[in-house]
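Engineer: Predicted model follows, preceded by the sequence.
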Amino acid sequence: MSRRLLSSCLWCGREIVDSEAGRRRRYCRQSCRQRAYEHRNSLKGTGIPGDSVVLSAQEAADLADRWFAARCAAEDVATAIGEGADAEELAMLSKTLVDLTRDAERLR
């Protein structure tokens, strides 16, 4: 019986469900593996470390937007607690917060 392990794709950040047998997967799909290869090759000879994450201006703006949405959701939870919200409302707000932070973890 093998245990299932969770990890994140090194390119897009999606969760990877992996088994204990064999080598751990580093990418969720072949396309992510290919993008990572292209990225590593594009950095050769530039002096930029190979493990650097280079984002376009749009990707950086999208990432900032996702983190802003997550911060707003965290503030909503704090406000609801301060106002004595019931457990059902807090559960809904915390689920939204978890969803937004999971989305914000993605770099691309």
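Structural biologist: Thanks, I have it.
Engineer: Please make it C-alpha for all contacts and neighbour counts, starting now.
Structural biologist: Noted.
Engineer: what comes up buried for the top helix by length along the chain?
Structural biologist: Ranked by residue count and defined by DSSP state H, the top helix of the chain is helix 57-82. The neighbour-count check on helix 57-82 (16 or more other C-alpha atoms under 10 Å) flags 63, 66, 67, 69, 70, 73, 74, 76, 77 as buried.
Engineer: can you give me the helices for the chain?
Structural biologist: Counting by DSSP H, the helices of the chain are 30-43, 57-82, 87-104.
Engineer: Tell me which two of the buried residues of helix 57-82 sit farthest apart.
Structural biologist: Using C-alpha to C-alpha, those span at most 21.4 Å, a distance reached by 63 and 77.
Engineer: OK, contacts around residue 26?
Structural biologist: 8, 9, 10 (C-alpha atoms under 8 Å, 6 or more residues apart in numbering).
Engineer: how close does it sit to residue 9?
Structural biologist: 6 Å (C-alpha to C-alpha, to the nearest Å).
Engineer: on that earlier part again, among the contacts of residue 26, which one sits closest to residue 102?
Structural biologist: Closest approach between these and residue 102, by C-alpha to C-alpha: residue 8, at 11.0 Å.
Engineer: Test my guess that residue 35 contacts residue 11.
Structural biologist: Yes - counting by C-alpha atoms under 8 Å, residue 11 is a contact partner of residue 35 at 7.5 Å.
Engineer: Neighbour count: these two, which is higher?
Structural biologist: Using other C-alpha atoms under 10 Å as the criterion, residue 35 and residue 11 rank with residue 11 on top: 22 against 13.
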